[in-house]
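> Kindly generate the corresponding structure for this input.
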Amino acid sequence: MTSLGILTVVGFVVLVALVWMYLRMRGKDHIDELMAKRRGSSRIVSRAALLEGLEKIPVSLCLTDDAIYY
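As a prediction, the model looks like this:
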């Protein structure tokens, strides 16, 4: 394999890692925005995790007078 090919593969791996880290960090920001939006009309607002198989999905739980939002 030529040095250009190796450099391309390494660059692609680094790009995938950076995109994955960005999406993980942005997901936390999105949950914080949802929690701030619901905080005024809810009794309790909290972070939680939805477990689906081996996946752990971060969610926010909001308790209002007549419903529970996640």
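> Where does pLDDT dip in this protein?
Within the chain, the segments meeting pLDDT under 70 span 1, 27.
> Please, where are all the strands along it?
Using DSSP state E, the strands found in the chain span residues 44-52, 55-63, 68-69.
> looking at those strands, which is buried most?
strand 55-63 (a mean of 14; mean count of other Cβ atoms under 10 Å). The C-beta positions use only the backbone N, C-alpha and C, and glycine is treated the same way.
> Pull up the pairing partners for it, direction included.
strand 44-52 (antiparallel), strand 68-69 (antiparallel) (DSSP bridges).
> Any chance you could list what contacts the last one?
This points to strand 68-69. Outside strand 68-69, the residues within contact range by Cβ atoms under 8 Å, 6 or more residues apart in numbering are Arg38, Ser42, Ser60, Leu61, Cys62.
> Apart from its neighbours in sequence, what residue is nearest the third one?
Leaving out its chain neighbours, the residue that sits closest to Ser60 by Cβ to Cβ, 6 or more residues apart in numbering is Met35, at 4.7 Å.
> Which residues are in contact with the one you found?
By Cβ under 8 Å, 6+ apart, Met35 lies in contact with Val45, Arg47, Ser60, Cys62.
> One more: Leu61?
Taking Cβ under 8 Å, 6+ apart as the test, what Leu61 contacts is Ile44, Val45, Ser46, Arg47, Ala48, Ile68, Tyr69, Tyr70.
> Tell me which two of those sit farthest apart.
Arg47 and Ile68 (14.4 Å; Cβ to Cβ).
> Pull the number of nearby residues for Ser42.
19 (other Cβ atoms under 10 Å).
> looking at it, it is touching Cys62, isn't it?
Yes: Ser42 lies in contact with Cys62 (Cβ atoms under 8 Å); the separation is 4.3 Å.
> Figure out which of the strands of the chain is closest to Asp29.
Of those, nearest to Asp29 by Cβ to Cβ is strand 55-63, at 11.2 Å.
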